[in-house]
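**Student:** Build me a model from this:
(one chain, ligands or ions: 2)
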Amino acid sequence: LLTGLLGGTFLVAGGAACATVDTVGQVDFARPLLIPPLADSGIDAAGRRVFNLHAQRGSRDFGIEGTTRTMGFNGDYLGPTLRARRGERVRVNVVNNLRQETSVHWHGMHLPANCDGGPHQPVRPGATWSPAWTIDQPAATLWYHPHPHGHTREHVNQGLAGLFILDDDESAQRVLPHDYGVDDIPLIVQDKALHKGEIRDHDTGDLLLVNGTYGPYLDVRTDRVRLRLLNASVSRTFAFGLADERPVQLVATDGGLLPEPVTVTRIRLSPGERAELVVPFQAGERVVLRSFPPATSGSFDGGKDRFDVLELRAAARLRHVGTVPKVLADVPRLDPATAAVNRDFRLNGTNINGDKMDLDRIDTVVEKGTTEIWTVRNTDGQRHNFHVHDVQFQVLSVDGGEPPAELGGWKDTVFLPPKSELRIILRFADYADPDMPYMYHCHLLMHEDNGMMGQFVVVEPGQSAGRVGGTGGHQ
Ligand code: C2O
Ligand code: CU
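**Tutor:** Ligands and ions are numbered 1, 2, ... in the order given. I've put the predicted structure just below:
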């Protein structure tokens, strides 16, 4: 009898976990969308722009389930938006006011390996870590989040994440809506599971927070708005579009502007990916940003779940902002003929090429100045994605065919549907350090924490990898 009951309970629980989540029409849109504040900064004696980030505990009433214990940077939940220009030197003082070790990784940033903030730069409780580097890449929507060995999911899920926006002088960049929080809107989207005053350590949750706001609305005052979307979820993939499926212009992806705008009705984002959309509005209308699978489920592998994300409420009179330029940016194509090295990465279970992450093992040695082609395969039936630190890459092919126009720009994270194969091209132009590895990994955080991650070092030509110790570089 007991076995029977347990079996029954298990079946019910299993059934619930597989049930389709559908919040369309269920969200009240009763709270104004919170906009992460722009981080204060100062200039130090060396001329560097200096930011301060304090990782801390807090609590927040999201408007559901009462007060919830959280973590944030300089606040209760998420962190301020850091912003810097190409060519600027920056320094960030990361202060760990938590009771456990953490780290802060600059996702999408091209920078020296000892500034990267991965598992080799842990910050002990009470300690401060102050990496400094020069911004040397195009304007883009990057982000930052902890990356402590084996605990990335927990820290990100509790609320430790924020945006790092880069600017440059590219003219299209100045023509696109760029008034932060007015017509240039950051949207950090996360699914959550709240329970008894805690954010549950979950895989997927059935409620959505946008910039830490549950059920948000946004007052729109211009006839075009730029939405900077970041999927900062633990493992959920979204397909964002407007409820009426109006065409919107995709202008940028992870690493910056696309060569030209791509008209889409939806954009798929797996964890860690970003997209910038320019959305047109009519005076007085209300329209909901949703995540929902396309009618022909074609390229979407995020399941059948549907979410209402944000209600956009256009004012009775809208200020005109410029139209999107036909040419956005010069994105030089990396030429496969110049690639000196080919490598294969097979993602399966919790391994890459059969191995689990080992802090003491260098998996890949790359020579500075080389262009490489990496073939990345998802060989199991699960969803994965693939993220590479240090460089932005380009997608050469998806399952042997031309990549879609959405993948025509710089990427640092790319979705890998079950049984798929992607070829990407990467150029490792600088920042050699034989002793300090960068990471590549699946950005579904429980996969990453369970070991689906590898390490690469960039060395001077002819040099070999140094000795890497798991606790080297401790702050
Ligand atoms: Cu967004 Cu290795 O991480
Ligand atoms: Cu994975």
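**Student:** give the contact list for Leu194.
**Tutor:** 62, 64-65, 68, 200, 205, 207 (C-beta atoms under 8 Å, 6 or more residues apart in numbering). Placement of C-beta: from N, CA and C, glycine included.
**Student:** and the least confident of these?
**Tutor:** Note: of the contacts of Leu194, the lowest pLDDT belongs to Glu65, at 82.
**Student:** What subset of the contacts of Leu194 is buried?
**Tutor:** 62, 65, 68, 205, 207 (16 or more other C-beta atoms under 10 Å).
**Student:** ok, so of the residues you listed, who is nearest Ile373?
**Tutor:** Closest approach to Ile373 among those (C-beta to C-beta): Gly205, at 37.1 Å.
**Student:** Now do the SS call for Leu426.
**Tutor:** When classified by DSSP: H, G, I helix; E, B strand; the rest coil, Leu426 comes out as strand.
**Student:** Can you get me a residue count around it?
**Tutor:** 22 (other C-beta atoms under 10 Å).
**Student:** do the same with Glu406
**Tutor:** 18.
**Student:** Could you check how far it is from ligand 1?
**Tutor:** 20 Å (C-beta to the nearest ligand atom, to the nearest Å).
**Student:** quick check, nearest of the contacts of Leu194 to Lys304?
**Tutor:** Gly205 (16.2 Å).
**Student:** Show the model's pLDDT score for the closest residue in space to that closest one that isn't next to it in sequence.
**Tutor:** Of all residues not flanking Gly205 in the chain, Ala193 sits nearest, at 3.5 Å (C-beta to C-beta, 6 or more residues apart in numbering). Note on Ala193: pLDDT of 95.
**Student:** Okay, and which of the buried ones among the contacts of Leu194 map to helices?
**Tutor:** Among the buried ones among the contacts of Leu194, DSSP state H puts none in helices.
**Student:** The closest residue to ligand 2 within the stretch 1-150 of the chain: what secondary structure?
**Tutor:** Residue nearest to ligand 2 within the stretch 1-150 of the chain: Gly150 (15.1 Å; C-beta to the ion). Following three-state DSSP, Gly150 is assigned to coil.
**Student:** So it sits against Asp449, correct?
**Tutor:** Yes: between Gly150 and Asp449 a contact is recorded at 5.2 Å, counting by C-beta atoms under 8 Å.
**Student:** more neighbours, those two?
**Tutor:** Asp449 (20 against 13).
**Student:** which residues touch Gln137?
**Tutor:** By C-beta under 8 Å, 6+ apart, the neighbours of Gln137 are 86, 109-110, 166, 255-256, 392.
**Student:** 6 Å - rerun?
**Tutor:** His110 (C-beta atoms under 6 Å, 6 or more residues apart in numbering).
**Student:** That one looks like it's in a strand, true?
**Tutor:** No: per three-state DSSP, Gln137 lies outside any strand segment and is coil.
**Student:** For the remainder of this discussion, apply numbering that starts at 38.
**Tutor:** Happy to do that; since the first residue is 38 now, the last one works out to Gln174.
**Student:** how close does it get to His421?
**Tutor:** 26 Å (C-beta to C-beta, to the nearest Å).
**Student:** Could you do Val262 as well?
**Tutor:** Taking C-beta to C-beta as the measure, Val262 falls 32 Å from His421.
**Student:** Can you pull the poorly scored residue ranges out of the stretch 388-512 of the chain?
**Tutor:** Scanning the stretch 388-512 of the chain for pLDDT under 70 picks out the ranges 506-512.
**Student:** can we see that at 90?
**Tutor:** 418, 503-512 (pLDDT under 90).
**Student:** where exactly do the helices run in the protein?
**Tutor:** Going by DSSP H, the chain shows helices at 39-55, 189-195, 208-212, 482-486.
**Student:** Pull the contacting residues for Pro156.
**Tutor:** Residues in contact with Pro156 (C-beta under 6 Å, 6+ apart) are His186.
**Student:** Please see if stretch 309-327 touches ligand 1.
**Tutor:** Yes: applying C-beta under 6 Å from any ligand atom, one finds that stretch 309-327 is in contact with ligand 1 at Gly309.
**Student:** So which residues on this protein come close to ligand 1?
**Tutor:** 142, 144, 182, 184, 309, 424, 426, 476, 478, 480.
**Student:** got JSON lines for the residues you listed, with neighbour count too?
**Tutor:** Shown next, in JSON lines, are those (neighbours: other C-beta atoms under 10 Å):
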{"residue": "His142", "neighbour count": "21"}
{"residue": "His144", "neighbour count": "25"}
{"residue": "His182", "neighbour count": "23"}
{"residue": "His184", "neighbour count": "28"}
{"residue": "Gly309", "neighbour count": "28"}
{"residue": "His424", "neighbour count": "22"}
{"residue": "His426", "neighbour count": "24"}
{"residue": "Met476", "neighbour count": "22"}
{"residue": "His478", "neighbour count": "28"}
{"residue": "His480", "neighbour count": "26"}
